[in-house]
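Undergrad: Kindly return the folded structure for what I paste below:
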Amino acid sequence: MIMKKYFFLLLIFTTFNVSADNHLVSGSGGNYIVSGDTGDYLVLGTGGKSCGAFLENKKKEQLIHSINMSWVLGYITGYNKTLKKVVGSNIDVPAMSQYLINYCEKNTLDSLESAAADLIKALEK
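TA: Have a look, this model is predicted:
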């Protein structure tokens, strides 16, 4: 149990210790390898999808967009819990969604995780 806890914390810390210059390397089965400044790391779930896919899902399928936004909310929650922060309390989900759309329109090859990391940086200012 202790090993699982430390692995989870290491995974979360590694995920949050990234810049917005991360790019999708490969992915399958809902897990993605993303390349960042600190090396390659695993992103679980929809967060490893490209910004281009995020934008396409937003246009075509509201349910998939809702799933993507749920992933982002979980990402921010994990960030807050792991680092004992309160990021995102002053913004609603539609505003977060619009921020991610704006980011992704400019960075279509970045991952959704990169967009979420950029959102966190903006919310911390």
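Undergrad: Any regions of this structure where pLDDT drops low?
TA: Applying pLDDT under 70 to the chain picks out residues 1-31, 34-38.
Undergrad: go again using 80 as the cut-off
TA: With pLDDT under 80 as the threshold, the chain has low-confidence stretches at 1-41.
Undergrad: Take the longest helix along the chain, keep the C-alpha atoms, and write them as PDB.
TA: Ranked by number of residues, the top helix in the chain under DSSP state H is helix 62-83. What follows is helix 62-83 as a C-alpha-only set of coordinates in PDB (Å, rounded to 0.1, in the frame of the first residue of the first chain):
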ATOM      1  CA  GLN A  62     -20.500  17.400 -26.400                       C
ATOM      2  CA  LEU A  63     -20.300  14.100 -24.300                       C
ATOM      3  CA  ILE A  64     -16.700  13.600 -25.300                       C
ATOM      4  CA  HIS A  65     -15.900  17.200 -24.500                       C
ATOM      5  CA  SER A  66     -17.600  16.800 -21.100                       C
ATOM      6  CA  ILE A  67     -15.300  13.700 -20.500                       C
ATOM      7  CA  ASN A  68     -12.300  15.800 -21.500                       C
ATOM      8  CA  MET A  69     -13.300  18.600 -19.100                       C
ATOM      9  CA  SER A  70     -13.800  16.000 -16.300                       C
ATOM     10  CA  TRP A  71     -10.300  14.800 -16.900                       C
ATOM     11  CA  VAL A  72      -9.000  18.400 -16.700                       C
ATOM     12  CA  LEU A  73     -10.900  19.000 -13.400                       C
ATOM     13  CA  GLY A  74      -9.400  15.800 -12.000                       C
ATOM     14  CA  TYR A  75      -6.000  17.000 -13.100                       C
ATOM     15  CA  ILE A  76      -6.400  20.300 -11.300                       C
ATOM     16  CA  THR A  77      -7.800  18.500  -8.200                       C
ATOM     17  CA  GLY A  78      -4.800  16.200  -8.200                       C
ATOM     18  CA  TYR A  79      -2.500  19.200  -8.500                       C
ATOM     19  CA  ASN A  80      -4.300  20.900  -5.600                       C
ATOM     20  CA  LYS A  81      -4.300  17.800  -3.300                       C
ATOM     21  CA  THR A  82      -0.700  16.900  -4.000                       C
ATOM     22  CA  LEU A  83       0.800  20.300  -3.600                       C
END
